[in-house]
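Participant: let's see this in three dimensions:
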Amino acid sequence: MTETRFKPPALCHRCLFENASDAIWFYDRNGHIVYANRASAELTGYTRTELKQKNLKDLLTTASEYDQIMDINSRIASGEEVKMPYEQKIRRHDGSIAVLRMATTLVKSADEVLGFQNIARDITEEIRRQQNMKSFVQDVIRAQEAERKRISRELHDEVAPLLLLLMQKIDNLSKQSERDIADCKPQLDALRSQSEEALESLRRIAQDLRPRILDDLGLIPALEWLTEKLAQDGQIHAESSIKGREVELTAEIQLLVFRIAQEAFNNIRKHSLATWVRLELEFKPKAILLTIQDNGKGFNLSEQTDNLAQNGKLGLAGMHERAQLIGGHIHILTHPGQGTTVIAEVPTVSTDIKQAS
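Facilitator: Got it, this is the predicted structure:
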């Protein structure tokens with residue numbers, strides 16, 4: 001296609017085109033770049049003259065990416081609605097990779113398709129910051145889990161035996177003759193009762209920090225135990241079910257799925273006013289689906305996921321972060337007066353998981 005047929009931007013728009021902060025370029029149906037503004041040259045590292053000698057495929061990192069863009073262009077030309085903007089990688093003149101947020105529009109003359117216009121913004125640093133923040137959050141969660149495990153182990157192995165020993169000594173004292181202990185018997189009984197309460201509280205705290213059943217028996221018994229524990233309060237009818245063929249899960253997937261369920265149950269107990277809760281764990285070919293449904297009061301969920309923490313919904317934000325840590329995602333369905341459903345979908349195989357222990 002000649003440059004004379006592919007007319008440059010109209011004179012009244014040339015100033016906007018040339019001085020736009022976003023990169024804008026035009027290319028014909030075969031991908032040959034015809035026009036590019038100054039921001040395009042700054043973004044790619046090529047001069048504008050060099051860009052006009054390039055085909056779009058020269059800027060892309062793989063041949064498959066060129067095929068994908070041609071497919072997008074074909075769909076746009078046929079009138080199909082295509083979601084915009086989309087992310088696209090390019091290779092700069094110096095060999096570095098840039099990530100662009102890009103939108104494509106059709107360029108026509110009468111009924112003839114001349115080519116396409118791209119408007120692109122460099123989001124490489126934005127993506128890098130997001131990845132760094134995600135990595136930081138993941139490290140915090142892993143450190144938190146490791147600390148929980150350490151505290152739980154120390155409570156179980158060091159503090160609990162001391163309380164048991166104290167209770168045994170109280171029992172031994174109580175077995176002495178009534179004449180010797182008549183004056184202090186009520187105090188001994190009260191002391192033993194307090195020791196029993198302290199031991200029970202310690203065991204409960206240790207279980208909540210790092211349930212032994214999860215490490216010893218696995219995810220399914222741990223979720224069933226969690227459901228039974230919720231039902232023991234007497235105010236909520238809780239039930240659980242397992243669907244599909246169970247597959248082996250990594251220790252971290254089991255741990256973080258359990259934490260998602262635990263946080264959902266905590267929210268139900270504290271805020272929902274629910275009288276009925278159902279937990280379902282479904283094994284699919286390449287993922288597991290955890291669904292927790294209640295008949296509570298529900299709530300308005302208008303915030304974006306990124307805004308949950310700053311708006312005080314730390315529990316929901318924590319569930320999202322834990323799901324993302326193992327390559328999954330969370331859906332929350334809720335409305336005032338209609339209960340809440342939390343759905344966590346997690347891949348059963350992850351290639352980028354570190355142990356959180």
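
Participant: I'd assumed A231 was in contact with R269.
Facilitator: No: assessed by C-beta atoms under 8 Å, R269 is found out of contact with A231, at 11.1 Å. No exception for glycine: its C-beta is placed from N, CA and C like everyone else's.

Participant: need the residues that contact stretch 224-235.
Facilitator: By C-beta atoms under 8 Å, 6 or more residues apart in numbering, the residues outside stretch 224-235 that reach it are 211, 213, 236-240, 258, 261-262, 265, 268-269, 275, 277, 279.

Participant: farthest pair in those?
Facilitator: I213 and T275 (26.1 Å; C-beta to C-beta).

Participant: the more surrounded of the two?
Facilitator: Using other C-beta atoms under 10 Å as the criterion, I213 and T275 rank with I213 on top: 16 against 12.

Participant: what about L217, how many residues nearby?
Facilitator: 13.

Participant: give me the distance between it and F283.
Facilitator: 17 Å (C-beta to C-beta, to the nearest Å).

Participant: same question for L51.
Facilitator: Taking C-beta to C-beta, one finds L51 at 52 Å from F283.

Participant: more neighbours: which of those two?
Facilitator: Per other C-beta under 10 Å, whichever of L51 and F283 has more neighbours is L51, with 24 against 16.

Participant: what's near enough to touch the closest residue to that one other than its chain neighbours?
Facilitator: Spatial nearest neighbour of L51, excluding adjacent residues (C-beta to C-beta, 6 or more residues apart in numbering): A36 at 4.4 Å. Contacts for A36 were tallied using C-beta under 8 Å, 6+ apart; they are 23-26, 48, 51-52.

Participant: of those, which belong to helices?
Facilitator: 48, 51 (DSSP state H).

Participant: just the buried members of the contacts of A36?
Facilitator: 23-26, 51-52 (16 or more other C-beta atoms under 10 Å).

Participant: include pLDDT when you put those into CSV, please.
Facilitator: CSV is the format used below for these (pLDDT from 0 to 100):
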residue, pLDDT
A23, 93
I24, 92
W25, 90
F26, 91
L51, 92
K52, 91
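
Participant: list just the nearest of the residues you listed to D189.
Facilitator: A23 (81.0 Å).

Participant: H32 versus that closest one, what's the distance?
Facilitator: Taken as C-beta to C-beta, the span from A23 to H32 is 17 Å.

Participant: then E126?
Facilitator: With C-beta to C-beta as the criterion, E126 and H32 are 30 Å apart.

Participant: can you spell out which helices and strands pack onto the longest helix along the chain?
Facilitator: The residue-count maximum for a helix in the chain (DSSP H) belongs to helix 124-154. When contacts are defined as 3 or more C-beta pairs under 8 Å, 6 or more residues apart in numbering; DSSP states H and E, helix 124-154 packs onto strand 97-109, helix 185-209, helix 251-267, helix 314-325.

Participant: next helix or strand past the second one?
Facilitator: To tie it back to what came earlier, the one meant is helix 185-209. helix 212-217 (DSSP states H and E).

Participant: what comes into contact with that next one?
Facilitator: Against helix 212-217 from outside (C-beta under 8 Å, 6+ apart): 156, 221-222, 225, 254-255, 258.

Participant: and the furthest pair within those residues?
Facilitator: The most distant members of these, if one measures by C-beta to C-beta, are H156 and Q254, lying 19.7 Å apart.

Participant: for stretch 214-227, what is the average pLDDT?
Facilitator: The average pLDDT for stretch 214-227 rounds to 91.
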